[in-house]
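Enquirer: pasting the structure only:
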């Protein structure tokens, strides 16, 4: 490799490309290693829920009502983002991607109860679609904050396209692995970005709290029936909703604290 090529690779203008490429490679390696688990987990939990009790005239009431936390967390997040009035393009990028993330959460607060009232292939679309866009927005938000705003904008275009493709693959062909990979890959990407690029306007402590909360939520999800059998009154899926909402609240808190110093 000649000196000109080496200088180009070392240029600060290629830094976002190199940073995203390295993160994408690590995410891909992790996903390749856990692909069998993604498929098995999807088959094991797909529309098979433990708690079917009716309350207040609602079928599957616990799984329906536990989505209320998304309404609160999404509204708080939108309020925190809306309180910011950035004029620089970098600020506007964080602003818009924040609206995407918390707007998707607010949409999930309506889509998920709709699905749980009558779980079927058609109603599941309104649960998964906003979440898929939300995952794309979240990863792009962290890229915009920690790498560059321009990289965040391009990442969102690519990841939103992948999100819509994953939904169409499931909706048309009932092939859920791309959507499962989007969920798992988003968590891995967020963790890697927070670890490899810890300094940003969104404080790392909130990113770690959100990541841990979502991981616990997924553990609750795959323990749906065992937890219901153990407690007799609450299922793992209902707890998943509660814990995921708390994770989103941590992201809202990151926006509330965005002007209080750079993360360490």
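Expert: Arrived safely, thanks for sending. Being a predicted model, the structure only gives us computed values, none of them experimental. Numbers count the residues shown, from 1 in each chain.

Enquirer: every contact and neighbour count from this point should use C-alpha atoms.
Expert: Noted.

Enquirer: so where's the stretch 51-200 of the chain uncertain?
Expert: 85-90 (pLDDT under 70).

Enquirer: quick one: the helices in it?
Expert: In the stretch 51-200 of the chain, the segments counted as helices under DSSP state H, counting those that start in this stretch are 61-65, 68-82, 89-117, 121-146, 149-173, 177-196.

Enquirer: and the shortest one, how far from the chain's centre?
Expert: Think helix 61-65. Averaging C-alpha positions (C-alpha atoms, centre = their mean, to the nearest Å) puts helix 61-65 21 Å from its chain's average.

Enquirer: now for that helix, which elements pack on it?
Expert: helix 89-117, helix 236-256 (3 or more C-alpha pairs under 8 Å, 6 or more residues apart in numbering; DSSP states H and E).

Enquirer: which residue is the nearest non-sequential neighbour of the spatially most central residue of the chain?
Expert: Among the residues of the chain, residue 135 comes closest to the average C-alpha position under C-alpha atoms, centre = their mean, at 3.5 Å. Nearest residue to residue 135 in three dimensions, chain neighbours excluded: residue 186, at 6.1 Å (C-alpha to C-alpha, 6 or more residues apart in numbering).

Enquirer: thought that neighbour was touching residue 137?
Expert: No. In this structure, residue 186 is not within contact of residue 137 by C-alpha atoms under 8 Å, at 9.7 Å.

Enquirer: comparing these two, which residue is more hemmed in?
Expert: residue 137 (28 against 23; other C-alpha atoms under 10 Å).

Enquirer: list the residues that contact that one.
Expert: Contact partners of residue 137, counting by C-alpha atoms under 8 Å, 6 or more residues apart in numbering, are 97, 98, 100, 101, 156, 159, 160.

Enquirer: list phi and psi for residue 197.
Expert: Taking degrees, to the nearest 10, you get phi -130, psi 70 for the backbone angles of residue 197.

Enquirer: begin at 54 from here
Expert: Will do, 54 is the new start, and the previous item becomes residue 250.

Enquirer: what about it, neighbour count?
Expert: 17.

Enquirer: now swap in residue 225 and tell me
Expert: Summarising burial for residue 225: neighbours were counted as other C-alpha under 10 Å, giving 8.

Enquirer: can you check residue 186 too?
Expert: Applying other C-alpha under 10 Å, we find 23 residues neighbouring residue 186.

Enquirer: the residue nearest to the centre of the chain contacts residue 238, doesn't it?
Expert: No. Using C-alpha under 8 Å, residue 188 is not in contact with residue 238; the gap is 9.2 Å.

Enquirer: just checking, residue 129 touches residue 305?
Expert: Yes. When contacts are counted by C-alpha under 8 Å, residue 129 is listed as touching residue 305 (6.4 Å).

Enquirer: neighbour count: those two, which is higher?
Expert: Taking neighbours as other C-alpha under 10 Å, residue 129 and residue 305 compare with residue 305 leading, 27 against 21.

Enquirer: excluding chain neighbours, what is closest to the more buried one?
Expert: Once flanking residues are discounted, residue 305 sits nearest to residue 130: 4.3 Å by C-alpha to C-alpha, 6+ apart.

Enquirer: just residue 117 next, same as before
Expert: residue 166 (4.6 Å).

Enquirer: any idea how far residue 159 is from that neighbour?
Expert: Counting by C-alpha to C-alpha, to the nearest Å, the gap from residue 166 to residue 159 is 12 Å.

Enquirer: do the same with residue 306
Expert: Distance from residue 306 to residue 159, by C-alpha to C-alpha: 16 Å.

Enquirer: follow-up on the earlier one: can I get the helices of the stretch 104-253 of the chain in JSON lines including distance to residue 277?
Expert: Putting those into JSON lines (distance: least, C-alpha to C-alpha, whole Å) gives the following:
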{"stretch": "helix 114-118", "distance to residue 277": "11"}
{"stretch": "helix 121-135", "distance to residue 277": "18"}
{"stretch": "helix 142-170", "distance to residue 277": "14"}
{"stretch": "helix 174-199", "distance to residue 277": "18"}
{"stretch": "helix 202-226", "distance to residue 277": "22"}
{"stretch": "helix 230-249", "distance to residue 277": "18"}
